[in-house]
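A.B. asks: Okay, sequence plus prediction incoming.
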Amino acid sequence: MRVKIKVAGVSYLNTKPLLYGIERSLVLNEMELLLDYPSNLAQSLQKGDIDMALMPVAAMPGIPGARIVSDYGIAADGDVASVCIFSQVPMEEIETVYLDYQSRTSVRLAQLLLEQYWKKNVVFKPAPENYIEYINGTTAGVIIGDRALKQLANFEYVYDLAAEWKAFTGLPFVFAAWIANKDLPQDFLKAFNDANAEGLKHIDEVVAENPFPYYDLHTYYTKNIHYLLTEEKKAGLNKFLELIK
């Protein structure tokens, strides 16, 4: 019998359609599924604690042998809604930006856009646990994931980072992809890929299973998040990795 493949995902709402398919597929019998913050997954993969992860793409260059092993991930082509800079003042008045500790890709994207697109020289601060309370005056913050969706109505200025990336480069943006740093069995990868695809056919069920009063999840899953990593998405990914070198 084959050793179970250790696969790590993320418990954010944006991954629920992919996990829906995986959790109902026979491929689940061949794996151990763990959930963690995106920022912890790169370390776990590098240390060999897991074999594959839905991981922030910004961490790829730091992991020898890292490669994308599925056609599915978390991307956007325009507004993503759940990765934004939140502020009570317009961009030109922002002086300090808290960086959400939960995702390396979102943080690098924010830094890149502030420096190269908005041409701003701001002070970056690591975000403490309750940092959303400190976003006021000229201090802004990057908030990601479910917490970002909850804050959309609470701030005067919300800068959607995927939309701003599109304005900057003309390309879509890939936040996370299924990444491995070793060879995995081809039959497993094919079954895993098929399970991801299957989950996307059940968006209505996923929405029903995850009541969320702050934002319309049907819109989120069908308009904001793009799950299939097309060639254009990969071009956006390559551009990002080139710019953060």
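C.D. replies: Yep, that arrived.
A.B. asks: What lies in contact with the lengthiest strand in the chain?
C.D. replies: Among all segments of the chain classified by DSSP state E, the strand with the greatest residue count is strand 67-76. Strand 67-76 has contacts (C-beta atoms under 8 Å, 6 or more residues apart in numbering) with 14-15, 18, 52, 54, 57, 83, 162-163, 172-181, 184, 189, 192-193, 196-197, 200, 224-229, 233, 236. Every residue, glycine included, has its C-beta placed from N, CA and C.
A.B. asks: That one: which residues count as buried?
C.D. replies: Of the residues in strand 67-76, 68-70, 72-76 count as buried by neighbour count, 16 or more other C-beta atoms under 10 Å.
A.B. asks: I'd like to know which of those residues is nearest to Gly145.
C.D. replies: Nearest to Gly145 out of the buried residues of strand 67-76 is Ile74 (C-beta to C-beta; 10.3 Å).
A.B. asks: before we move on, the earlier item: now which of the contacts of strand 67-76 would you call buried?
C.D. replies: Buried by 16+ other C-beta under 10 Å: 14-15, 18, 52, 54, 57, 83, 162-163, 172-181, 189, 192-193, 196-197, 200, 224-227, 229, 233, 236, out of the contacts of strand 67-76.
A.B. asks: What's the per-residue pLDDT of Ala58 here?
C.D. replies: At Ala58, the pLDDT value in this model is 91.
A.B. asks: is it true that it touches Thr105?
C.D. replies: Yes: counting by C-beta atoms under 8 Å, Thr105 is a contact partner of Ala58 at 4.1 Å.
A.B. asks: In terms of neighbours, single out the busier of those two.
C.D. replies: More crowded of Ala58 and Thr105, by other C-beta atoms under 10 Å: Thr105, with 27 against 23.
A.B. asks: quick check: domain ranges of this structure?
C.D. replies: 5-76+174-232, 83-169 (automatic domain parsing).
A.B. asks: possible to save those domains as a markdown table with distance to Phe240?
C.D. replies: As requested, those are exported to a markdown table (distance: least, C-beta to C-beta, whole Å):
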| stretch | distance to Phe240 |
| --- | --- |
| domain 5-76+174-232 | 7 |
| domain 83-169 | 7 |
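A.B. asks: Now Ile22. Nearest residue, chain neighbours left out?
C.D. replies: Ala195 (4.6 Å; C-beta to C-beta, 6 or more residues apart in numbering).
A.B. asks: So for the one you found, what pLDDT did the model give?
C.D. replies: Ala195 is given a pLDDT of 98.
A.B. asks: Helix or strand: which one has the most centrally placed residue in the chain?
C.D. replies: Centroid-nearest residue in the chain: Phe175, 4.0 Å away (criterion: C-alpha atoms, centre = their mean). Element membership for Phe175 (DSSP states H and E) is strand 173-180.
A.B. asks: Strand partners (parallel or antiparallel) of the longest strand of the chain?
C.D. replies: strand 173-180 (antiparallel), strand 226-228 (antiparallel) (DSSP bridges).
A.B. asks: in this structure, which spans are helices?
C.D. replies: 16-23, 38-47, 104-112, 145-151, 161-169, 186-199, 203-209, 217-219, 231-243 (DSSP state H).
A.B. asks: buried sites along the lowest-mean-pLDDT helix or strand in the chain?
C.D. replies: For the chain, counting by mean pLDDT, DSSP states H and E, helix 38-47 ranks last in confidence among helices and strands (a mean of 88). For helix 38-47, burial by neighbour count (16+ other C-beta under 10 Å) applies to 38-39, 41-42, 44-46.
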